[in-house]
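Visitor: Curious how this folds, go ahead:
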Amino acid sequence: MNQHNGIKRIAFDFLKSHKTAVIATTAMGEAPQASTIYYIVDNDFSIYFLTGKETRKFKNLERDNRIAFVVGTGPEVATSQGVGRVTLLKHPYTDDLVMRMSENLDLKESQYWPFFKLP
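Guide: Numbers count the residues shown, from 1 in each chain. Model prediction:
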């Protein structure tokens, strides 16, 4: 395994071992807004999260799809950070995403499940 693939594997394992991230979006007037989200990552390093249409992050991303994220908040000083653009997924893709998130995040017994409301 070359060094690039080794670093990629470490980053992927790190992302898979966490459940929450902080995302930053741009509000009206170019002010940044940060939000904590639950996420999952696929083998292509695509990161998925759910949010309601009434949230500030949804409205911000609908207007400006640029996003930044950080995973890892301590106590160890290790993080994974990234930037990109958000793509809104719509039904029927969201059904599979909800199932994968519920299985991977094990939130069913949590006060946060369900963490969004289907229309």
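
Visitor: Tell me how many other residues crowd Ile23.
Guide: Counted by other Cβ atoms under 10 Å, the residues lying close to Ile23 total 21. C-beta coordinates here come from the backbone N, C-alpha and C atoms, glycine included.

Visitor: same deal with Gly72?
Guide: The local packing of Gly72 (other Cβ under 10 Å) involves 17 other residues.

Visitor: Excluding chain neighbours, what is closest to it?
Guide: The shortest distance from Gly72 to any non-neighbouring residue, by Cβ to Cβ, 6 or more residues apart in numbering, is to Thr79 (3.9 Å).

Visitor: what's the distance between the one you found and Val71?
Guide: Thr79 sits at a distance of 6 Å from Val71 (criterion: Cβ to Cβ, to the nearest Å).

Visitor: more crowded one of the two?
Guide: Val71 (21 against 15).

Visitor: I'd assumed His18 was in contact with that one.
Guide: Yes - using Cβ atoms under 8 Å, Val71 is in contact with His18, at 5.0 Å.

Visitor: Tell me the gap between the lowest-mean-pLDDT helix or strand in the chain and the middle of its chain.
Guide: Ranking every helix and strand in the chain by mean pLDDT, DSSP states H and E puts helix 93-105 at the bottom, with a mean of 72. Per Cα atoms, centre = their mean, to the nearest Å, the displacement of helix 93-105 from the mean C-alpha position of its chain is 13 Å.
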